[in-house]
Every structure is written in C-alpha cells, then in structure tokens.
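*Asks:* Compute the structure for the input listed below.
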Amino acid sequence: MARLWALRAEGTAMRNQKVVGTNAASEWMKQFEDWHQRVLAEAQTISPNFHAWLSTLDRVRPGPTDLPQAATPDHNTQRSCQSEILLRMQEFLQAEMLHRDIERETS
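*Replies:* Presented below is the predicted three-dimensional model:
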C-alpha cells in the first residue's frame, strides 16, 4: 500500500506541473507512460480486479478545474486519463483504509 500511496503522490505532482511547449509535452507523455506502467504493475500485485479497474478507462470524470493549460490535445487527453487513474487509486486506498479500520474494531 505504501508504494501505491507513493505512486499516487508522484502522479499528482506530475499532473499538476506546468507544461510549456510541444517538447515539454512530449517528455511529459513519456514520463506519464512510465508512471502508468508502474501503477499497473503495482495494482497487479494487489489485485487483478484493481489492475483491470485502472487499465480500462471506459469513462473519465472531470479532473481538477485549476490545472494549467494543456500543451497539446494529446497531453490534455493523457492528463485527463491520469486524473481518473488518480481518483480511482484514491477511492481504492480510502476503501482499504476503511476496511482495515473496521477489521481492527471487530477484532
């Protein structure tokens, strides 16, 4: 779980950074793909269901409204996907914390 929290923090920082120009967007996209693969690998170690939930984005909820302007349409699309992945990670981690708290109370 600690690695998942760390990946979430890394992804949030990456998503929120300013990107200027096409060259910077291209580098950001490479960093995103690396981060995304590490997230999926970690999710697979936790649960095949969690992995599937993160790898199949059939819908993407709106992300934060205060993000800097995307550098390119592709950057905007990937950043939107990253926002959805971050949200799903948060939901999973919160549910896991709640589950552990309930287990402690019933033990």
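*Asks:* Mind checking which residue lies nearest the centre of this structure?
*Replies:* In the chain, the centroid-proximal residue (Cα atoms, centre = their mean) is residue 86; its distance is 3.0 Å.
*Asks:* measure that one to residue 23 for me?
*Replies:* Counting by Cβ to Cβ, to the nearest Å, the gap from residue 86 to residue 23 is 25 Å. For the C-beta atoms, the positions are set from N, CA and C on the backbone; glycine is no exception.
*Asks:* picking up where we left off before, the residue nearest to the centre of the chain is in contact with residue 13, isn't it?
*Replies:* No: taking Cβ atoms under 8 Å as the definition, residue 86 is not a contact partner of residue 13, at 10.6 Å.
*Asks:* Strands of the chain, start to end?
*Replies:* For the chain, no strands are identified by DSSP state E.
*Asks:* where along it do the helices fall?
*Replies:* Remark: helices assigned in the chain by DSSP state H are 2-16, 21-46, 48-55, 73-106.
*Asks:* Which positions within the last one qualify as buried?
*Replies:* To tie it back to what came earlier, the one meant is helix 73-106. By neighbour count on 16 or more other Cβ atoms under 10 Å, the buried set for helix 73-106 is 75-76, 78-86, 88-89, 92.
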